[in-house]
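A.B. asks: Only the shape, not the letters, is given here:
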């Protein structure tokens, strides 16, 4: 499998696992997190477009990981290296959410919900990165 194909598969798998994790959030006492609905709402209300964007973003991040960061992160363990990348993606997502919130694109919510949502998002992005680590090994 070539590098781009590997990134596409890893990104789609990581996004799928992260999405399943987010769907289980309410069972773990976390607020509902529906990235596809949020993205779809920002693009005119199309849930299908939201799902496509959600997976496209995951694949784009996987490409960034495999082509730019994978061999530069000085961590030997593939899973931990991927999880660290997931934290980087989480931080980027939080910056983007803050920008969108400042532009009035995000709904207001109570602070305790925001904190729980941020914790759930961090956990989900760590899972996303760890899945990337399963598929994308560091070059020897």
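C.D. replies: Perfect, I can see it now. Model, not experiment: these values are computed from the prediction. Residues are numbered from 1 along each chain as shown.
A.B. asks: Centre-most residue in the chain?
C.D. replies: The centroid of the chain falls nearest to residue 125 when counting by CA atoms, centre = their mean (4.6 Å).
A.B. asks: I figured that one hits residue 89, correct?
C.D. replies: Yes - the criterion here is CB atoms under 8 Å, and residue 125 meets it with residue 89 at 5.1 Å. The way it works is simple: take the backbone N, C-alpha and C, and place the C-beta from them, glycine included.
A.B. asks: list the contacts for the residue nearest to the centre of the chain?
C.D. replies: Contacts for residue 125 (CB atoms under 8 Å, 6 or more residues apart in numbering) come out as 18, 86, 87, 89, 90, 93.
A.B. asks: PyMOL command to pick out the buried ones of the residues you listed?
C.D. replies: Filtering the contacts of residue 125 down to the buried ones (16 or more other CB atoms under 10 Å) takes a single PyMOL command:
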select buried, resi 18+86+89+90+93
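A.B. asks: For the contacts of residue 125, give me CSV that also has secondary structure, pLDDT and distance to residue 66.
C.D. replies: As requested, the contacts of residue 125 are exported to CSV (DSSP: H, G, I helix; E, B strand; the rest coil; pLDDT from 0 to 100; distance: CB to CB, whole Å):
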residue, secondary structure, pLDDT, distance to residue 66
18, helix, 94, 17
86, helix, 96, 14
87, helix, 96, 17
89, helix, 95, 13
90, helix, 95, 18
93, helix, 89, 19
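A.B. asks: And the furthest pair within the contacts of residue 125?
C.D. replies: With distance counted by CB to CB, no two of these lie farther apart than 18 and 87, which are 13.2 Å apart.
A.B. asks: about what we covered before: host element of the residue nearest to the centre of the chain?
C.D. replies: Element membership for residue 125, per DSSP states H and E: helix 111-135.
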